[in-house]
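> Model the following, please.
(chains A and B)
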2 protein chains.
Amino acid sequence: MDAFAAVSLRDHPLLKACHREAVPYTPIWLMRQAGRYMPEYRALRERVGFLSLCTNPELAAEVTVTAVRRLGVDAAIIFADILLPLLPMGVGLRYEDGPAIERPIRSAADLERLAPVDPAASLHFVADAIRIVRSELPDRPVIGFAGAPFTLASYLIEGGASRDYRHTKSLMYREPAAWDRLMTMLARITADYLAMQAAAGAEVVQLFDSWVGALSPADYRRFVLPHSRASLASCAGHVPAIHFGTGTAGLLEAMRDAGGEVIGLDWRVDLSEAWSRLGPGVAVQGNLDPIVVMLAGRDEIRRQVRVILDRAGGRPGHIFNLGHGILPQTPVDNVIALVDMVHEMSRR
Amino acid sequence: MDAFAAVSLRDHPLLKACHREAVPYTPIWLMRQAGRYMPEYRALRERVGFLSLCTNPELAAEVTVTAVRRLGVDAAIIFADILLPLLPMGVGLRYEDGPAIERPIRSAADLERLAPVDPAASLHFVADAIRIVRSELPDRPVIGFAGAPFTLASYLIEGGASRDYRHTKSLMYREPAAWDRLMTMLARITADYLAMQAAAGAEVVQLFDSWVGALSPADYRRFVLPHSRASLASCAGHVPAIHFGTGTAGLLEAMRDAGGEVIGLDWRVDLSEAWSRLGPGVAVQGNLDPIVVMLAGRDEIRRQVRVILDRAGGRPGHIFNLGHGILPQTPVDNVIALVDMVHEMSRR
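You can find the predicted model right below:
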């Protein structure tokens, strides 16, 4: 990254919003903006498997950049997957319909067989992809990201998606020492991984604690918060962090206490009420229901954008996003229209 | 119900808690307290199908009463299912692994084929069961219940359980007039159904809006609130209503505005913070994670009960409950221990 790009990006609306500075319009990017809903992506995936795509820096960068150019969003999020750090652990992570783990971790004894992970050695392809995107898109911030310890642990323990996280909560409640050991290990990996991405040129990072909304606030503070805090510590003071989860309307204050310059909001909380609860010391990101962009008509999409911009009230520190990732059946034209609407309707 | 029972029940801790009056201990009952986790229930179900059980007042009453006697809880909730009002609609409701609807409603045209429902005619067996329980358990309040319009609509439209409620939201956003017609019809049925149960002797009713947590607060207020309010109107001033949902940490104020003397809390919100947001004009019910009772040890269960009682802070108007129904794999002994703990630890 040359000095000129660094200077100009510091004034980019996305970065200014992270720091709660005034911006000429509300910046927008979208979780899973490079993904299956996009024909260019599906065409590439006909030729290349998901893991091959993630681990090939040129292809990952291509997918990342294509989405930004097609949509006109204000940031590139590096194409990768939150579970990549589990690959070198030797648990048999595979991507079929969704991620699946052949040998899940269910006990203290299972922890012994987890191979140590050094992101600089085993996840360097993500840093390489960031460097390529950085040079191809000099005028847009690049967002690096990682899964948070709870969400990583829940996949490691359940072996895949879960409805009630019973194995995860079983380890938490019945073997708290093993839980703590696992979370400490995951937090260290996540911290190193995020720091590597920032060093490679990511101007912002996002910590995805996608499934943490399954927990009570008391359990979050006791079993998760210290580890999320440790994950974010490596970037603190270097690049701003967005701390995101879903179903977290009852966890927002606790997530803020764990860290992050920006708190991600899904759609199940009112943006203005959430921001009041969080206080003026953080920015917020969100919070449109992804299904609105998938299936509502343009008038309804516009109406929902208006509600969110009104609730943000023009206060500095709002990054527009969906409350979770773009759904695969979403029409690309709706996404482009959404980006344009947010830019137009928020222009000051 | 004779006059004496009426007088004595008015002073029952559950009813006093509904009215935010001081009680000698925190009353507790549990959603799905009569259900598959209980050997007596499973034995009965070997002989009788689920629908036969629901529609037979003697058997439904037996299951209801057995659970109360076995657990020592402070209230009987009538054994029934929230989807029973859909039976006479002619949509092909069947109970297999879960409820399934053969001919779901997906459009304005589909609405035309819904047969009208008069609960007094087609759901009288629930009233009969309440009368039996009322006479067999003269010292415990009986709770009647109904599904709320949104949750009923979501089953009618999706045809079963759903992850993202895409068909429901599609009707809502794309055919708002049809949505309103369906919700108005469901609200009238629900209001009549709850009134019938109160007239049969239910001292309290609960409105289950189990899946409403899928909505944004703005959508809740626009598409759901008026219909939930209409559902609760028939009981207002007659019997107290508990207004319950899950994943509703961001919807609590809106649900309070729709009605109910008691607002149900799942486990994903701090009880004290939720009550502060709701204000002193309502009681609260909850809010233990059901999985804690299923799989944690006694010390952990006790610890979690302590947190909830501490957060309630002895203020009048807390009914202890799980944040959702008892899970089928829950040991009965854990449930009995939980009831005893709440009574002992809250005694004033």
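> ok, now which ones touch the closest residue to A:Asp128 other than its chain neighbours?
With sequence-adjacent residues excluded and distances taken as Cβ to Cβ, 6 or more residues apart in numbering or on different chains, A:Asp128 is closest to A:Pro57, at 3.6 Å. C-beta: built from backbone N, CA, C; applies to glycine. By Cβ atoms under 8 Å, 6 or more residues apart in numbering or on different chains, the residues touching A:Pro57 are A:Phe125, A:Val126, A:Asp128, A:Ala129, A:Arg131, A:Ile132.
> Neighbouring strands of the helix or strand A:Gln206 falls within in the sheet, and parallel or not?
In this assignment (DSSP states H and E), A:Gln206 forms part of strand A:204-209. Partners of strand A:204-209 in the sheet, by DSSP bridges, are strand A:142-147 (parallel), strand A:241-245 (parallel).
> As CSV, could you dump the C-alpha coordinates of the last one?
Included here for strand A:241-245 are C-alpha records, laid out as CSV according to Å, rounded to 0.1, in the frame of the first residue of the first chain:
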residue,chain,number,x,y,z
ALA,A,241,-13.1,-3.7,14.3
ILE,A,242,-16.8,-4.5,13.7
HIS,A,243,-18.2,-6.9,16.2
PHE,A,244,-21.1,-8.8,14.7
GLY,A,245,-23.6,-11.4,15.7
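> before we move on, back to that, now do the same for the strand holding A:Gln206: mean pLDDT, whole number.
For strand A:204-209, mean pLDDT rounds to 98.
> Beyond that strand, next helix or strand please.
Taking DSSP H and E, what comes next after strand A:204-209 is helix A:217-223.
> tell me how far that following helix is from the chain's mean position?
Between the centre of helix A:217-223 and the centre of its chain there are 21 Å (Cα atoms, centre = their mean, to the nearest Å).
> Could I get the buried residue list for that helix?
Within helix A:217-223, the residues scored as buried using 16 or more other Cβ atoms under 10 Å in any protein chain shown are A:Pro217, A:Ala218, A:Asp219, A:Tyr220, A:Arg221, A:Phe223.
> just stretch A:171-184 next, same as before
Applying 16+ other Cβ under 10 Å to stretch A:171-184 flags A:Leu171, A:Met172, A:Tyr173, A:Glu175, A:Ala178, A:Trp179, A:Leu182, A:Met183 as buried.
> again with stretch A:276-289
Buried-residue list, stretch A:276-289, by 16+ other Cβ under 10 Å: A:Arg277, A:Leu278, A:Val282, A:Ala283, A:Val284, A:Gln285, A:Gly286, A:Asn287, A:Leu288, A:Asp289.
> Repeat that for stretch A:151-165.
Residues A:Thr151, A:Leu152, A:Ala153, A:Ser154, A:Tyr155, A:Leu156, A:Ile157, A:Glu158, A:Gly159, A:Ser162, A:Tyr165 are the ones in stretch A:151-165 that count as buried (16+ other Cβ under 10 Å).
> Dump the strands paired with strand A:204-209 into a markdown table; add mean neighbour count as well.
Shown next, in a markdown table, are the strands paired with strand A:204-209 (neighbours: other Cβ atoms under 10 Å in any protein chain shown):
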| stretch | mean neighbour count |
| --- | --- |
| strand A:142-147 | 27 |
| strand A:241-245 | 26 |
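> Reformat those as a markdown table; add distance to B:Cys18 and mean pLDDT.
A markdown table is the format used below for the strands paired with strand A:204-209 (distance: least, Cβ to Cβ, whole Å; pLDDT from 0 to 100):
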| stretch | distance to B:Cys18 | mean pLDDT |
| --- | --- | --- |
| strand A:142-147 | 43 | 98 |
| strand A:241-245 | 34 | 98 |
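> Throw those strands into JSON lines and include distance to A:Gln197, thanks.
Shown next, in JSON lines, are these (distance: least, Cβ to Cβ, whole Å):
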{"stretch": "strand A:142-147", "distance to A:Gln197": "3"}
{"stretch": "strand A:241-245", "distance to A:Gln197": "11"}
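> What separation is found between the N-terminal and C-terminal residues of stretch A:115-135?
This stretch, stretch A:115-135, spans 34 Å end to end (Cα to Cα, to the nearest Å).
> Tell me the gap between it and the middle of its chain.
Centre to centre, stretch against its chain (Cα atoms, centre = their mean), the figure for stretch A:115-135 is 17 Å.
> how near is A:Val293 to B:Ala67?
45 Å (Cβ to Cβ, to the nearest Å).
> Please identify which of these two sits among more neighbours.
Shown here are A:Val293 and B:Ala67; by other Cβ atoms under 10 Å in any protein chain shown, B:Ala67 has more neighbours (25 against 22).
> Okay, strands next: where are they in the stretch 1-150 of chain A?
Secondary structure of the stretch 1-150 of chain A by DSSP state E, counting those that start in this stretch: the strands cover A:76-77, A:93-95, A:99-101, A:142-147.
> In which helix or strand does A:Ile232 reside?
Not quite, residue A:232 is Leu, not Ile. helix A:225-233.
> For chain A, what lies in contact range of chain B?
By Cβ under 8 Å from any Cβ of the partner chain, the residues of chain A that approach chain B are A:164-166, A:169-170, A:173-174, A:213-219, A:247, A:249-251, A:253, A:267-270, A:273-274, A:287, A:289, A:291-292, A:294-297, A:300, A:304, A:307, A:327.
> Contact partners for A:Ala249?
Counting by Cβ under 8 Å, 6+ apart, A:Ala249 has contacts A:Gly213, A:Asp266, A:Arg268, A:Val269, A:Ala274, B:Ala249, B:Gly250, B:Arg268, B:Val269.
> Now secondary structure too, for those residues, in TSV please.
Output for the contacts of A:Ala249, formatted as TSV (DSSP: H, G, I helix; E, B strand; the rest coil):
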residue	secondary structure
A:Gly213	helix
A:Asp266	coil
A:Arg268	coil
A:Val269	coil
A:Ala274	helix
B:Ala249	coil
B:Gly250	coil
B:Arg268	coil
B:Val269	coil
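> Was I right to think A:Ala75 contacts A:Trp29?
Yes. The pair A:Ala75 / A:Trp29 is scored as a contact, 4.2 Å apart, by Cβ atoms under 8 Å.
> where do the contact lists of these two overlap?
Common neighbours of A:Ala75 and A:Trp29 (Cβ under 8 Å, 6+ apart) are A:Leu14, A:Ile143.
> Which secondary structure state does whichever residue of the stretch 51-200 of chain A sits closest to chain B sit in?
As assessed by Cβ to the nearest Cβ, chain B sits closest to A:Tyr173 within the stretch 51-200 of chain A, at 4.1 Å. What three-state DSSP gives for A:Tyr173 is helix.
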